[in-house]
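Trainee: what's the 3D shape of this:
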Amino acid sequence: MKAWIAALLLVPTVAVAQSGAAPTSAQLQSLLENGKVSQAVTTLEDSLGDNPFDPVQLNNLAVVRTRDGDVYTALQLLDRAARLEPDQPVIADNRKKLREWIAAKIGANKQQMDAVPLDHLPSMLPDPPPLWDE
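Mentor: Model (predicted):
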């Protein structure tokens, strides 16, 4: 697991993971380090059910969705978090990096599609970069 996971989560460490409470960053890190991405998604979505306007949890869910390969949903979540908390630098940075990565992939794929017959294109894009570096 990459070291950037610690930097990606904005969860306050005083949060208690119980019914209705936000998961702690340590709990989310543990889930991700153990490959339980879908469980991390479910945990975050459950906590957002209590407060769908929590920009920190929206950011964290975007990070987990990116890990799960769902970059477009992640971008929508970051857009929403940025509208709710426009002065939060981590959210702004995550959003900028993900937008740039998606734009680069779209451009690269268009160039590839124009130059190469469709049957020679790779079936999948490479994994998203580790967006939330230390």
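
Trainee: residue contacts, residue 64?
Mentor: 28, 32, 37, 40-41, 44 (Cβ atoms under 8 Å, 6 or more residues apart in numbering). The way it works is simple: take the backbone N, C-alpha and C, and place the C-beta from them, glycine included.

Trainee: what's the answer for residue 78, then?
Mentor: Residues in contact with residue 78 (Cβ under 8 Å, 6+ apart) are 58-59, 62, 91, 94-95, 98.

Trainee: Now with 6 Å, please.
Mentor: The contact partners of residue 78, by Cβ atoms under 6 Å, 6 or more residues apart in numbering, come to 62, 94-95.

Trainee: how near is it to residue 67?
Mentor: Residue 78 sits at a distance of 14 Å from residue 67 (criterion: Cβ to Cβ, to the nearest Å).

Trainee: low pLDDT regions in this protein?
Mentor: 1-21, 108-134 (pLDDT under 70).

Trainee: What residues of the lengthiest helix in the chain count as buried?
Mentor: Counting residues, the longest helix found in the chain (DSSP state H) is helix 89-115. By 16 or more other Cβ atoms under 10 Å, the buried positions in helix 89-115 come out as 90-91, 94-95, 97-98, 101.

Trainee: For the chain, which segments count as strands?
Mentor: Per DSSP state E, the chain carries no strands over any range.

Trainee: Excluding sequence neighbours, find me the nearest residue to residue 92.
Mentor: Distance criterion Cβ to Cβ, 6 or more residues apart in numbering; nearest residue to residue 92, sequence neighbours excluded, is residue 82 at 6.2 Å.

Trainee: And residue 43, by the same measure?
Mentor: Residue 43 sits nearest to residue 23 (Cβ to Cβ, 6+ apart), 5.0 Å away.

Trainee: Redo the contacts of residue 78 as JSON lines? Include distance to residue 86.
Mentor: Shown next, in JSON lines, are the contacts of residue 78 (distance: Cβ to Cβ, whole Å):
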{"residue": "62", "distance to residue 86": "16"}
{"residue": "94", "distance to residue 86": "13"}
{"residue": "95", "distance to residue 86": "10"}
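
Trainee: What about residue 83, how many residues nearby?
Mentor: 12 (other Cβ atoms under 10 Å).
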